[in-house]
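J.: One predicted model, sequence on top.
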Amino acid sequence: MTNTIHDELEKLQSMELDAGTVFSGSPSGRVIRGYSGPCSYTPTPDPGYIFHETSRDIAVWLMNISDPLYVFGPTGSGKTSAIKQLASRLNYPVFEVTGHSRLEFPDLVGHLSVRNGSMEFEYGPLALAMKFGGLFLLNEIDLLEPATATGLNGVLDGEALCIAENGGELIIPHPMFRFAATANTNGGSDETGLYQGTLRQNLAFLDRFWLCEMGYPARDAEEKLLGGCCPKLPETIRKKMVEYANEVRRLFMGEAGVGIANSIEVTFSTRTLLRWADLTVRFQPLSRQGVQPVTYALDRALGFRATRETRAMLHELAQRVFPQSMGE
């Protein structure tokens, strides 16, 4: 199995591509390197994906060898999907790991294992990305123990990776190797108290990254997303859903809106918005029983995750944004 993976990765052929043609369909004259074809680790491209405006920063980062990238922003804003969809257009192999407090450096580099009666070193995701020229994607990097994260400093500086467990093998970073991380915080701790488990990271560690902040998509982009996933939902309702989601986000961020001064502990990610729209369509038959599908679906998409007080506030807001007849 390991040899098969290595054989596939060794066959990757890098090539120069026009960045504009790859990402927008219009030639730009700006060169970006990718691969001639996908492999098992290449994310599947989504033809209907709408790139976030922050994707410009990520595309520029991909164009040349540079500092590692750290993308942070609220939950569900599309940080991971933006990186993976950009990589898919370039046929880039992506080696993805989700950080947690028990993750250790050897988990990223690899370990010895018994295969066919003998000890064999099995490369981890970081080692594979460095060796064969892939994009190493470390999600939730702010959940890592600072000491573990600091162990990555040499790699972040572009130095070779020495694997003591494999006889001191030295992996020189491949020219196509890229290191990207995502998080809900910028590594300086969570001021909101909403992202439990996040840790303040070492300043010297954070200093090695190019930072990029990603908020939620623009209103028109989310309306287009809803139109693509739920075309049966009337446009008027889709627009109101996006309006409602943005108001909830403002409340989540502690900004006053529609006469409600309190902040709340839940928010509308884009994925939650899409789930809400989908459930509204599924529960449409309930309108014949006098149940409003929009608010019924709202509870199942988000409301049941909130406290009783917040749930009541969400329903109050829904009554203001949606006339009763809209959900029928």
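T.: Alright, I've got the coordinates.
J.: how about the helices in the stretch 201-328 of the chain?
T.: 203-206, 219-229, 235-252, 270-282, 293-301, 308-321 (DSSP state H, counting those that start in this stretch).
J.: Looking at those helices, which is nearest to Leu152?
T.: helix 203-206 (7.4 Å; Cβ to Cβ). Yep, even glycine has a C-beta here, placed from its N, CA and C like the rest.
J.: What are the phi and psi values at the residue of the chain most remote from its centre?
T.: Residue farthest from the centre of the chain, counting by Cα atoms, centre = their mean, is Gly117 at 39.9 Å. Torsion angles at Gly117 (phi, psi; degrees, to the nearest 10) stand at phi 80, psi 0.
J.: Could you do Asp46 as well?
T.: According to degrees, to the nearest 10, Asp46 has phi -100, psi 110.
J.: Just list the residues touching it, thanks.
T.: Counting by Cβ atoms under 8 Å, 6 or more residues apart in numbering, Asp46 touches Gln85, Ser88.
J.: ok so, going back, if I look at the residue farthest from the centre of the chain, how far off is Ser36?
T.: Applying Cβ to Cβ, to the nearest Å, the value for Gly117 to Ser36 is 38 Å.
J.: Next, the residue nearest the centre of the chain: secondary structure please.
T.: The residue lying closest to the centre of the chain (Cα atoms, centre = their mean) is Thr80, at 1.8 Å. Using DSSP: H, G, I helix; E, B strand; the rest coil, the structure places Thr80 in helix.
J.: That one contacts Leu138, doesn't it?
T.: No. The pair Thr80 / Leu138 is not scored as a contact, 10.4 Å apart, by Cβ atoms under 8 Å.
J.: Pairing partners for the helix or strand harbouring Glu16, with directions?
T.: Taking DSSP states H and E as the criterion, Glu16 maps to strand 14-18. Strand 14-18 sits in its sheet next to strand 31-35 (antiparallel), going by DSSP bridges.
J.: next one: the next helix or strand after the strand it pairs with to chain centre, how far?
T.: Note on strand 31-35: by DSSP H and E, the next helix or strand toward the C-terminus is helix 55-63. Relative to its parent chain, helix 55-63 has a centroid offset of 15 Å by Cα atoms, centre = their mean, to the nearest Å.
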